[in-house]
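Chemist: Structure of the sequence below:
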Amino acid sequence: MTIDRAVMAFAGLVVLASAILTLWHSSYWLLLTAFAGANLVQAAFTGFCPVARLFKLLGMKPGTAFS
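Modeler: Residues are numbered from 1 along each chain as shown. Predicted coordinates:
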């Protein structure tokens, strides 16, 4: 798995977890979804993604979006 795919999988898991936690606990968990979405938009424009850097440090293969 490349860093690009891992970032998208991680973002998807964060959104799903946030939705589940919103249903079970509190609507404040939607703030996590908003943060994930804002981070994805920011990464699209700047090319910087903190999770991509973490995955790179962990030794994952770079893809084409986050190198």
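
Chemist: Mean confidence (pLDDT) on the top helix by length along the chain, please.
Modeler: Ranked by residue count, the top helix of the chain under DSSP state H comes out as helix 3-24. Mean pLDDT, computed over helix 3-24, is 94.

Chemist: just checking, what packs against it?
Modeler: helix 30-46, helix 50-57 (3 or more C-beta pairs under 8 Å, 6 or more residues apart in numbering; DSSP states H and E). C-betas here are computed from N, CA, C, even on glycine.

Chemist: Flag every buried residue along it.
Modeler: Residues of helix 3-24 classed as buried: 3-4, 6-7, 10-11, 14, 18, 21-22 (neighbour count, 16 or more other C-beta atoms under 10 Å).

Chemist: Also stretch 46-53?
Modeler: 49, 51-52.

Chemist: How much space separates the spatially most central residue of the chain from L40?
Modeler: With distances taken as C-alpha atoms, centre = their mean, the residue of the chain nearest its centroid is A11 (3.0 Å). Computed as C-beta to C-beta, to the nearest Å, the A11 to L40 distance reads 6 Å.

Chemist: How about G47?
Modeler: 12 Å.

Chemist: Could you do L23 as well?
Modeler: 22 Å.

Chemist: How about the backbone phi and psi for the closest residue to A43 other than its chain neighbours?
Modeler: Distances taken as C-beta to C-beta, 6 or more residues apart in numbering place C49 nearest to A43, at 4.1 Å, with adjacent residues excluded. When read as degrees, to the nearest 10, the backbone of C49 gives phi -140, psi 120.
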